[in-house]
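Colleague: quick check, what structure comes out for this input:
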Amino acid sequence: MASPASYWYLRGFNLQEMEPYLDWFNVMTYDIHGVWDAKIDSPGPYAQAHTNLTEIKMGLELLWRNNINPERVTLGLGFYGRSFTMKDPGCMEAGCEFSEGANGGSCTGTPGVLSAGEINEIIKNGAKITYDEEAAVQIVTWDSDQWVSFDDTKTLGMKVDFANQHCLGGTMVWAIDLDDGSLTKALGENIQRPELPTYSPRYYFECGNIPDKSEL
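Modeller: Below you'll find the model as predicted:
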């Protein structure tokens, strides 16, 4: 079962009654924050990392209080970031106010979210990166008012280490098609899986250039 990581959502589930009927809990430890926060009194319209490890720990605490077996819990890993357009370009840190979602990416095209591949391209073009050790996330800022938090190979490894230290049953990913290959490779190395051979597909598309079916 896919389950939320937030205490406020998770408290609505009778976890002990559900556990005997489930193989495992896929805890979605992402989307803890996003543009929807602006419509809620707390936390409000303030940029926060959506995969903050401190808040992930708080969400999992409710599972432990209900005596859920850690081996039946898998930790969700997000291959994307939640992004914001900041209200004041002079205040670009976590906790500063945002006005709306950041501009949509070249592939995803959706304001407020960027794939890991898109974020890596933004970084290559000179964006500023700030490592938040406590939250175990990277914060990227660019174009004076654009802000996104996400997990790179370093912070992804920290979350896998956390899962191992707490004897969780494993990890899951949302979603593999949002990666440029770097996170998938890092995840495989972290869990000591051999790298499998890859093959070039017969057809592939560049972002924004999807041909008509008749052209295939």
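Colleague: low-confidence ranges, this protein, go.
Modeller: For the chain, the stretches with pLDDT under 70 are 203-206, 208-216.
Colleague: all helices for it, in order.
Modeller: Ranges of helices in the chain, per DSSP state H, are 7-10, 15-18, 53-65, 116-124, 153-165, 182-190.
Colleague: now mean neighbour count too, for those helices, in TSV please.
Modeller: For glycine as for every other residue, the C-beta is placed from the backbone atoms N, C-alpha and C. Output for the helices of the chain, formatted as TSV (neighbours: other Cβ atoms under 10 Å):
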stretch	mean neighbour count
helix 7-10	14
helix 15-18	12
helix 53-65	17
helix 116-124	20
helix 153-165	17
helix 182-190	17
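Colleague: please produce TSV containing those helices, extended by distance to T198.
Modeller: TSV is the format used below for the helices of the chain (distance: least, Cβ to Cβ, whole Å):
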stretch	distance to T198
helix 7-10	37
helix 15-18	38
helix 53-65	31
helix 116-124	16
helix 153-165	18
helix 182-190	10
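Colleague: select, out of the ones you listed, the one closest to T29.
Modeller: helix 53-65 (4.5 Å; Cβ to Cβ).
Colleague: just tell me which of the helices of the chain ends up closest to S99.
Modeller: Closest among the helices of the chain, using Cβ to Cβ: helix 116-124, at 19.2 Å.
Colleague: any idea how far N120 is from the nearest residue to M158 once chain neighbours are set aside?
Modeller: Leaving aside its sequence neighbours, M158 sits nearest to A136 (Cβ to Cβ, 6 or more residues apart in numbering; 4.5 Å). A136 sits 18 Å away from N120, going by Cβ to Cβ, to the nearest Å.
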